[in-house]
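K.L.:
here's my sequence, what's the structure:
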Amino acid sequence: MFLQELKISNVRIKDRPDSLVWAHAESGSYSPKAGYSFLMKKKGWDVPEWWVKPLFKLKCPEKAKLFFWCVLKKRVPSWDILQSRFKQGPGRCPLCFADSETIPHLFLACPFTRKVWEETQKILRKNVRWEGGNIQSAWEYWWSHHSERNLRNLPPILCWGIWIVRNRSIFREKSTPVEVIAIQSSAILSSIPEPEKPLKTTQRKEEQIKDGIPWVFFDGVA
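P.N.:
Take a look at the predicted model:
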């Protein structure tokens, strides 16, 4: 009688022994990460994206990392976001004047931005690709296909420089050549020391400051 009721119900009877299953994970197995995500969603909080910790472990300037975090979180005051807050403005991209300014356009599709990347590739002598349907997908592709740690610093640096040039065009009505952004970005990237293997001894190695590097950053901070 009991077995018949089980067969009618949704309980599945199998020959193998029962096992514990974590219902809040696709894999069915519990992990601290799965438990943390469940608690965050239960409280209505956003689960941190995969790129948060790796981004802030980069060696590029702190301003570049913080700004790129804002770009990825869509918290940069581009014209489309300002207009959604009922702000009045031209709405056009101040770098190409050919399309509406959005975050994907400004940092991915804008002809000016593409020229900056092309010029930077020439200076660094590296054939790298920065493209995608949105910033998140472009950053994920970049992170997975460029294992060189220093090269991973390039998108935050370039996006930071493009934003400063964009603001200079709006508020000062001054244009900046593509070559200037590419040279400054390459100089900042070159100033980042290559990651070193940890020393086996307990002695601390003295850091040597290279003369003339880094160059002055985009906003004038040395």
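
K.L.:
make it CA atoms for all contacts and neighbour counts henceforth
P.N.:
Fine.

K.L.:
next helix or strand past the helix or strand hosting residue 138?
P.N.:
Residue 138 belongs to helix 135-145 when assigned by DSSP states H and E. Using DSSP H and E, the helix or strand that follows helix 135-145 in sequence is helix 154-171.

K.L.:
now the angle from that next one to helix 135-145?
P.N.:
150 degrees (axes from the mean of the first three to the mean of the last three C-alpha atoms, to 10 degrees).

K.L.:
give me the below-cutoff pLDDT ranges for this structure.
P.N.:
Within the chain, the stretches with pLDDT under 70 are 1-18, 26, 33, 36-37, 39-48, 149, 195-222.

K.L.:
so where do the helices sit in it?
P.N.:
2-8, 32-42, 52-56, 62-72, 79-84, 103-104, 111-124, 135-145, 154-171, 178-191 (DSSP state H).

K.L.:
okay if I get the ones you listed as a markdown table plus distance to residue 22?
P.N.:
Formatted as a markdown table, these follow (distance: least, C-alpha to C-alpha, whole Å):
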| stretch | distance to residue 22 |
| --- | --- |
| helix 2-8 | 22 |
| helix 32-42 | 9 |
| helix 52-56 | 26 |
| helix 62-72 | 31 |
| helix 79-84 | 40 |
| helix 103-104 | 38 |
| helix 111-124 | 46 |
| helix 135-145 | 28 |
| helix 154-171 | 38 |
| helix 178-191 | 45 |
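
K.L.:
figure out which of these is closest to residue 25.
P.N.:
helix 32-42 (6.3 Å; C-alpha to C-alpha).
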